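Visitor: Predicted model and sequence follow; I will ask about them next.
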Amino acid sequence: MILFQRISIHNKLAFALWGATLLAFTVAGVALALFGSLTLEGRARQIMEPYAQLVSVGAEAAVAFEDPGRAREILATLRANPQILEAEIVLRDGRLLARYASTKASFHPHPTSADGLYLVQNRAELIQSLQDGAHLHLVMSLDELNRQTRNVLLLFGAGVLVLLLAVTQGLRVALQRTIVRPISTMAETVEQVRSLADYQQRVPDFGADEVARLGRSFNAMMGAIQERDNDLSRITLFQRTLLDNAAYGIVSSSPDGIVSSFNPAAERLLGYTAGEVVGKQTPSCWHDPEEMARRALQLSEELGETVPPGFDLFTARPRRNLPEENEWTFIRKDGTRVPVLLSVTALRDESGLITGFVGLTYDLTERKRAEEDLFRLNTELEERVESRTHDLEVKRIELEESQGALINIVEDLNEKTEELEQANAKLKELDHLKSMFIASMSHELRTPLNSVIGFSSVLLNEWVGPVNAEQKENLSIILRSGKHLLNLINDVIDVSKIEAGKIESTPEEFDLRDLIEDAVKLIEKELEEKGLVLRVTSPSQLMSTDRRRLLQCVLNLLSNAVKFTEQGGVTVETRIEWSPDATPESGIAEISVTDTGVGIREEDIGKMFQPFVRLFSPLQSTVPGTGLGLYLTRKLTAEVLKGDIMLISEYGKGSRFTIKIPVGVS
């Protein structure tokens, strides 16, 4: 190690380059050998698989008919590649159908294995299944592939070695010129600077590399050292200029309290000249002795030790690295007094020793005058506040009198509240009776209606004998009237449940397109009777909401569209806008039903969702329905499905109802 340290940088660089060259050559050779070993199986597969595929296609008939002659002919084509040593075709039951072995190798039987390529010593074996459970077994020699790998390795190694030797020699020459020589020059220059103290020495700094940057840095350092004295002179001049032109009085002293500097602002403030105080006086000469005594007592109590009323009074806190700022009254040379703010700071050297103190003074005369003005304004403000307080007290008394009247009003309101509570109790009782009545009437009316609908359906479908045209028409009227009355009862019951808050939502996951198809099936007969065209645009989309109530709303809109459409058709469109940032995923489902019916006049649009509203239209001779369908649909959409329903209509051209509800995916 010691011997290596004594070697010159030129020889160290040569050793490093040759070592790097040898290491790079070794790594490249190992990497190429490893690459050849890892890619051996892939190269063998590229050679064997085409032959296996050729034999597989050609041997289909031979395997199917168990024809050994045909199979041997196919295997004989493998002689075109001398690397193929062996081949055999074995049937499902293990019988050998055909076999091929080159003249360079004797055939060895092989057990049946799974399909794939296997490397065994210096051979590659490929097993591939054929039709009818047979399989093909190919064996190829790896001698040629290994020879190719060795040749490539030798050629690559020779090329890399020559290249590395050339690059190393070139790098050595280049580094000698760009690094070694400039560093040697710099070392000689440093020795001259150290021995002769000649700071005008410079080194060449051509170029933009690190060595050139080092040379420029060295030259800059020499220039900085050469200018150090000039800088110190300029700093001293700057400090003097700053002291002479500062607006604040600046007084510095030695550690024992003798004034060492006294700027012009301090001269104007105190009336002394710098010659009268510098080196002769201490700052305590222009302080009020009584103020100093009071401050000494405060500091003694604060610091826990006796502080004498002298120069130590101003330096006690700075000596302890504590801030010192206080208001004082200076006594000028002419005896006048001036209030000032004095801040004292300790000057320390690099080792932390105190070398002096600096006092910064600010004349507080103007600020004191402003404080007096502010005190006077505060006094006037207090007088105004007192006057306003008296006025507020008078207002408070008036407010208390008004409060008494308000209490009487509150008592009257309490009496009215009790009356309202009694009325509310009666309303609840009536609501209960209403629910009982609806439930009873629902049972009493549905039972006979179901009988009427059932028997009329039976008679209409001639299940009990033929009926003539008049009877069939009468039965149709009975069936339609019964269904109409049953729908009216169901709508009234649903409306009552919603208004009573007794209807609940039962969410479930379903396909929106399936729901639309179910609703369409229920109105297909009405569409066919009127000859209307139905168009549905509803992609398959899973969603979660109350399926039964949504189906009821969609069916009401479809039925309404068919009722008020005599020609043209009905269009149903659905889409869901998902919010991907929500968890769990949520979105808005939009279902639109558009018809080409009579439409709605603009002044009647606002009435469409009111109960029992059946608007007259001169475009339609009769007005079917109960007037509850749209009202119930709006109630279900808003209060059960938590959505909204919108209507757009043009009189004489048709209407478009759109339901928007929040949905999710569980």
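Guide: Happy to help now that I have it.
Visitor: Every contact and neighbour count from this point should use C-alpha atoms.
Guide: Fine.
Visitor: Residue 202 and residue 41, how far apart?
Guide: 65 Å (C-alpha to C-alpha, to the nearest Å).
Visitor: neighbour count winner among those two?
Guide: residue 202 (19 against 15; other C-alpha atoms under 10 Å).
Visitor: Excluding covalently adjacent residues, which one is nearest to that one?
Guide: Sequence neighbours aside, residue 219 is the residue nearest to residue 202 in space, at 5.5 Å (criterion: C-alpha to C-alpha, 6 or more residues apart in numbering).
Visitor: now residue 41
Guide: residue 119 (7.3 Å).
Visitor: okay but the one you found is in contact with residue 125, surely?
Guide: Yes: between residue 119 and residue 125 there is a contact at 6.3 Å, judged by C-alpha atoms under 8 Å.
Visitor: on that earlier part again, quick check, pLDDT for the residue nearest to residue 41.
Guide: Looking at residue 119, its pLDDT reads 80.
Visitor: neighbour count winner among residue 119 and residue 125?
Guide: residue 125 (22 against 16).
Visitor: Only alpha carbons, please: show the helix or strand where that one lies as PDB.
Guide: Using DSSP states H and E, residue 125 falls within strand 123-129. Taking Å, rounded to 0.1, in the frame of the first residue of the first chain, the C-alpha atoms of strand 123-129 are listed here in PDB:
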ATOM      1  CA  ARG A 123     -28.600 -33.900 -27.200                       C
ATOM      2  CA  ALA A 124     -31.900 -32.100 -27.500                       C
ATOM      3  CA  GLU A 125     -35.100 -34.200 -27.400                       C
ATOM      4  CA  LEU A 126     -38.500 -32.800 -28.600                       C
ATOM      5  CA  ILE A 127     -41.700 -34.600 -27.800                       C
ATOM      6  CA  GLN A 128     -44.900 -33.500 -29.600                       C
ATOM      7  CA  SER A 129     -48.400 -35.000 -29.600                       C
END
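Visitor: and that strand, which strands flank it?
Guide: Next to strand 123-129 in the sheet, as set by DSSP bridges, lie strand 116-120 (antiparallel), strand 135-141 (antiparallel).
Visitor: mind giving me the domain split of this structure?
Guide: 39-141, 246-363, 372-503, 505-664 (automatic domain parsing).
Visitor: who wins for proximity to residue 227 among the ones you listed?
Guide: domain 246-363 (22.3 Å; C-alpha to C-alpha).
Visitor: roughly how far apart are residue 539 and residue 572?
Guide: For residue 539, the distance to residue 572 - C-alpha to C-alpha - is 11 Å.
Visitor: the more surrounded of the two?
Guide: Using other C-alpha under 10 Å as the criterion, residue 539 and residue 572 rank with residue 572 on top: 22 against 14.
Visitor: Just the pLDDT for that one.
Guide: Model confidence at residue 572 (pLDDT) stands at 95.
Visitor: circling back: which of the strands paired with strand 123-129 sits closest to residue 95?
Guide: Minimum separation from residue 95 across the strands paired with strand 123-129 (C-alpha to C-alpha) falls at strand 135-141, 10.8 Å.
Visitor: distance between the closest one and the chain's centre?
Guide: 57 Å (C-alpha atoms, centre = their mean, to the nearest Å).
Visitor: Quick one: mean pLDDT over the helix or strand residue 100 falls within.
Guide: Per DSSP H and E: residue 100 is located in strand 96-101. The average pLDDT within strand 96-101 is 84.
Visitor: Buried residues, it. List them.
Guide: 97-101 (16 or more other C-alpha atoms under 10 Å).
Visitor: got a list of contacts for the helix or strand containing residue 594?
Guide: If you go by DSSP H and E, residue 594 is part of strand 586-595. Strand 586-595 has contacts (C-alpha atoms under 8 Å, 6 or more residues apart in numbering) with 557-558, 561-562, 565, 568-580, 654-665.
Visitor: Quick one: list the elements packing against the helix or strand following that strand.
Guide: Per DSSP H and E, the first helix or strand lying C-terminal to strand 586-595 is helix 629-635. Under the contact criterion of 3 or more C-alpha pairs under 8 Å, 6 or more residues apart in numbering; DSSP states H and E, helix 629-635 touches helix 469-500, helix 547-563.
Visitor: Pick out the shakiest of those, pLDDT-wise.
Guide: helix 469-500 (a mean of 64).
Visitor: how close does residue 594 sit to residue 189?
Guide: 97 Å.
Visitor: Looking at these two, which has the bigger crowd around it?
Guide: Neighbours of residue 594 and residue 189, each counted by other C-alpha under 10 Å, are more numerous for residue 594; the result is 22 against 17.
Visitor: How about residue 299, nearest residue that isn't a chain neighbour?
Guide: residue 307 (6.6 Å).
Visitor: quick revisit: any residues touching the strand holding residue 100, and which ones?
Guide: With C-alpha under 8 Å, 6+ apart as the criterion, strand 96-101 contacts 63, 66-69, 71-72, 75-76, 85-91, 107.
Visitor: which of those residues are buried?
Guide: 63, 66, 68, 71-72, 75-76, 85-91, 107.
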